[in-house]
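>>> Predicted coordinates and the sequence they were generated for:
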Amino acid sequence: ARRSVITMAHSMQLTKRMLQKLKSEAAKGNFKACEDTLVEMKIHLTNFPALPPRFEASPTAQDELLIARECLEQAVLISAQAQDENAFERNFMQLNTYYIDTNEMIPPSEQEEHIRGLNLLRLLMQNRIAEFHTELETLAPHVQNNSPYIKYVIQLEQSHMEGAYNKIVNASKECPSPMYVPFAENLIETVRDEIGACSEEAYESLTIEEAQKIMRFNTKQEMLDYAAQNEWQVEGNRIVFNTDSTSDNVELNSIELIKNTLHYAKEIERIV
């Protein structure tokens, strides 16, 4: 038994050294090296008997759980830095087991609200609204109301629902953590795609200037590039959408129509 404890202590020290190496590589932005270290570290963690799903009795059970949770938290944060959404989802699913199943075995993590908020932002950015609300419901009301990380994402989702796109465009300037900036900026692209889809449904064409304003592009060239990406035609000073509609073009306020369309769609999705 004593030999087993000594061996486990050695494994713990080795894991801590690997974790420090991982943090150092992440600070340098060396994500390829981080990936290699993560693979090595996760393989090494399989030697710890106290980790889920085994949860075997061990003299060092609490230490094993704490170091494993921290390793997975770093994996999630590195995935966010690298903007690797698939790796983020994979790592968060592994980490979430610790947040849910070990909360009575080890003290809560100072990083939990930060990372949970980041995951909510990812779901919102990917337009996975049903999963966003499912995940949100797992958080206690006092966390939703008081955590700056969770409140930030909830406010973003409300702005999304209301069509308050100026708030979303400025979201990256208000992020509670630098880690949130890439996902917040990608959310702008998600919103822009929704506006573009609604514009196609609502109009046969718009002037370039009006489309640029509605879709929140800074320059005319950015608008033209986006039009080309969506295979919209440019005829003179107008962008012609891909539509089979033969109905008369009705002059309506573009911004209000798009806001209402998105709001109704989101309300229907919430009800369903």
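Arrived safely, thanks for sending.
>>> Following the helix or strand containing Asn145 in sequence, what is the next regular element?
Counting by DSSP states H and E, the element that carries Asn145 is helix 141-146. Scanning forward in sequence from helix 141-146 by DSSP H and E, the next helix or strand is helix 148-162.
>>> which other helices and strands contact the next helix or strand after that following helix?
The C-terminal neighbour of helix 148-162 among helices and strands, as given by DSSP H and E, is helix 165-169. On a contact count with 3 or more CB pairs under 8 Å, 6 or more residues apart in numbering; DSSP states H and E, helix 165-169 meets helix 148-162, helix 181-202. In this view, the C-beta of every residue, glycine as well, is placed from N, C-alpha and C.
>>> ok, back up a step: so what touches the helix holding Asn145?
For helix 141-146, contacts defined as CB atoms under 8 Å, 6 or more residues apart in numbering pick out Glu113, Leu136, Ile150, Lys151, Ile154.
>>> what do you get if the cut-off is 6 Å, keeping everything else the same?
Ile150 (CB atoms under 6 Å, 6 or more residues apart in numbering).
>>> Give the buried residues for that helix.
Val143 (16 or more other CB atoms under 10 Å).
>>> chain center to it: distance?
Computed by CA atoms, centre = their mean, to the nearest Å, the chain-centroid distance of helix 141-146 equals 19 Å.
>>> neighbours around Pro59, how many?
If you count neighbours by other CB atoms under 10 Å, Pro59 ends up with 13.
>>> give me the low-pLDDT residue ranges for this structure?
By pLDDT under 70, the low-scoring segments of the chain are 1-6, 243-272.
>>> Switch the helices and strands packed on helix 165-169 over to a markdown table; also include mean neighbour count and distance to Ala140.
Output for these, formatted as a markdown table (neighbours: other CB atoms under 10 Å; distance: least, CB to CB, whole Å):
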| stretch | mean neighbour count | distance to Ala140 |
| --- | --- | --- |
| helix 148-162 | 19 | 10 |
| helix 181-202 | 18 | 23 |
